[in-house]
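Engineer: got a predicted structure here, sequence first:
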Amino acid sequence: MEQFRIAAIPADGVGREVVAAGRAVLDAVEANGGGRFAFAWEEFPWGSDFHAEHGVMMPEDGLEALRAFDAIYFGAVGWPTVPDHVSLWGLRLRICQSFDQWANVRPVHFLPGVQSPLRKSDDTELDWVVVRENSEGEYAGLGGRNLASRGRGGEVAVQSSLFTEVGCERIMRFAFDLARTRTRRKVSSVTKSNAQQYGMVLWDEVFARVAADYPDVETESVLVDAMSAKFVLRPEDLSVVVASNLNADILSDLGSALAGSLGIAASANLNPERRFPSMFEPVHGSAPDIAGQGVSNPIGAIGSAAMMLDHFGLAAEAARIRTAIETTTAQGTRTRDIGGTADTAEVTEAIIANLPR
Ligand code: NAI
Ligand code: MG
């Protein structure tokens, strides 16, 4: 029997509700697995409550503890008691960067029975993936603040973007390899090289170089502002969209919203070389406005669990989860954010009941 060790970090707000839902689905998948595989869970109580008690988001040796796991299953971090940049950098970004999870894969997937704000989605097959550079770019964490001594109004801040050839090339090759597995073999590069004449021009040059190695894959290069319009007006022309850290962060939220809700969007933070554990989490945050009410949509987290199973090589099991999600939304068991009245537990139970045997 193959055993997979998973570190669960539910963290804050609805992160706790949706990670519990994802675990329940994986328990059911394991129970139906005929003893071929098992998931060994360990849960870590890190997050904003932990910060209130210990003054840090995770312990000093926390990364060491995570290293031995096959994957990390993450909820969401952020709570009004801790400044967002402290909670995000202290936990999620710390894990992503320390474990070189340089590829963040965020499918924009339209579900049956979920109304999209795009009228086009009723009669057009829409399905694309945002591939986010997850280790550098605008979130490299380089910069500083100084000159506060000048007094009120005198302080300065520098926030630098970092673009390396290595970083650009590996995420672009990843995007092209992914495009080769899809029906439409196309990669759209998101740039802003008209205004950002150093980093984004390097990005464009690397894209052109990598594209030459994939003559069977169609390409385009689109400025980020035009791409945000294209997401709304011509999404049927997209298959794989590769973008820098900030641009992809914004565009993937737009994509989730177009598919109907942030609550249904899944994501994987991958270290493709497998030198470190990869991390799977819904795209959404801790949603303090609805946390604790039991009404959060668990589909983003459950879809992320399916991506984790793909990473484990359990592709058939991952596909069963995706089928169960689609059956559930199609039959009308939906949370409020996607036009239903069901709560988190009801949707989770329905997905478990709909798992194909
Ligand atoms: P958010 O994603 O938490 O919420 C945005 C909107 O989407 C809210 O109206 C919320 O109710 C709704 N929503 C989110 N998840 C949902 C779900 N599962 N079901 C139904 N509705 C859902 O983003 P917001 O409000 O900007 O940030 C809240 C906190 O989360 C902040 O502290 C922020 O820093 C943090 N955050 C953390 C992320 C992470 O850990 N990966 C990602 C994004 C934000
Ligand atoms: Mg985001």
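Structural biologist: Yes, it's here. Ligands and ions are numbered 1, 2, ... in the order given.

Engineer: contacts only, for Leu202.
Structural biologist: Residues near Leu202 by CB atoms under 8 Å, 6 or more residues apart in numbering: 163, 165, 168. No exception for glycine: its C-beta is placed from N, CA and C like everyone else's.

Engineer: cool, Val29 as well?
Structural biologist: With contacts taken as CB under 8 Å, 6+ apart, Val29 has the following neighbours: 309, 317, 320-321, 355.

Engineer: element containing the residue of the stretch 201-350 of the chain found nearest ligand 1?
Structural biologist: Across the stretch 201-350 of the chain, no residue is closer to ligand 1 than Gly285, which sits at 2.4 Å (CB to the nearest ligand atom). Secondary structure from DSSP states H and E places Gly285 outside every helix and strand.

Engineer: number of residues surrounding the residue lying closest to Pro235 once chain neighbours are set aside?
Structural biologist: The shortest distance from Pro235 to any residue that is not its chain neighbour, by CB to CB, 6 or more residues apart in numbering, is 5.3 Å, and that residue is Leu126. Residue neighbour count, defined by other CB atoms under 10 Å, stands at 17 for Leu126.

Engineer: Gly137 too?
Structural biologist: Using other CB under 10 Å as the criterion, the residues surrounding Gly137 number 25.

Engineer: ok, back up a step: may I ask which of the contacts of Leu202 has the most neighbours?
Structural biologist: Within the contacts of Leu202, most neighbours by other CB under 10 Å means Cys168, with 26 neighbours.

Engineer: spit out the contact partners of that one.
Structural biologist: Cys168 makes contact with 133, 202-203, 206-207 under the criterion CB under 8 Å, 6+ apart.

Engineer: so it sits in a helix?
Structural biologist: Yes: assessed with DSSP: H, G, I helix; E, B strand; the rest coil, Cys168 lies in a helix.

Engineer: re the thing from before, bridged to the closest residue to the residue of the stretch 201-350 of the chain closest to ligand 1 other than its chain neighbours, which residues?
Structural biologist: Among residues not flanking Gly285 along the chain, Ala76 sits closest, at 4.8 Å (CB to CB, 6+ apart). With DSSP bridges applied, the residues forming beta bridges to Ala76 are Ala11.

Engineer: same check, this time on Gln3
Structural biologist: Beta-bridge partners recorded for Gln3 (DSSP bridges): Ala38.

Engineer: wait, it sits on Arg36?
Structural biologist: No: between Gln3 and Arg36 there is no contact, the gap being 10.7 Å when judged by CB atoms under 8 Å.

Engineer: please list the residues of the stretch 51-200 of the chain that sit near ligand 1.
Structural biologist: Taking CB under 6 Å from any ligand atom as the test, the list of the stretch 51-200 of the chain residues beside ligand 1 reads 76-78, 84, 88, 92.

Engineer: go again with 5 Å.
Structural biologist: For the stretch 51-200 of the chain, the residues in contact with ligand 1 (CB under 5 Å from any ligand atom) are 76-78, 84, 92.

Engineer: could I get the contacting residues of the nearest residue to Gly332 once chain neighbours are set aside?
Structural biologist: Leaving aside its chain neighbours, Gly332 sits nearest to Gly113 (6.2 Å; criterion: CB to CB, 6+ apart). When contacts are counted by CB under 8 Å, 6+ apart, Gly113 is found next to 329-332, 334.

Engineer: once you drop chain neighbours, what's closest to the residue positioned nearest the centre of the chain?
Structural biologist: Geometric centre of the chain, nearest residue: Ser267, 2.8 Å, by CA atoms, centre = their mean. Once flanking residues are discounted, Ser267 sits nearest to Arg106: 4.5 Å by CB to CB, 6+ apart.

Engineer: where do the strands sit along this structure?
Structural biologist: With DSSP state E, the ranges of strands along the chain come out as 2-11, 37-43, 71-76, 103-109, 127-133, 137-146, 156-162, 186-191, 218-223, 240-243, 266-270, 278-282.

Engineer: go through those and name the closest to Leu233.
Structural biologist: Proximity to Leu233 (CB to CB) singles out strand 218-223 among the strands of the chain, at 12.0 Å.

Engineer: helices or strands up against that closest one?
Structural biologist: Strand 218-223 is packed against strand 186-191, helix 199-211, with contacts defined by 3 or more CB pairs under 8 Å, 6 or more residues apart in numbering; DSSP states H and E.
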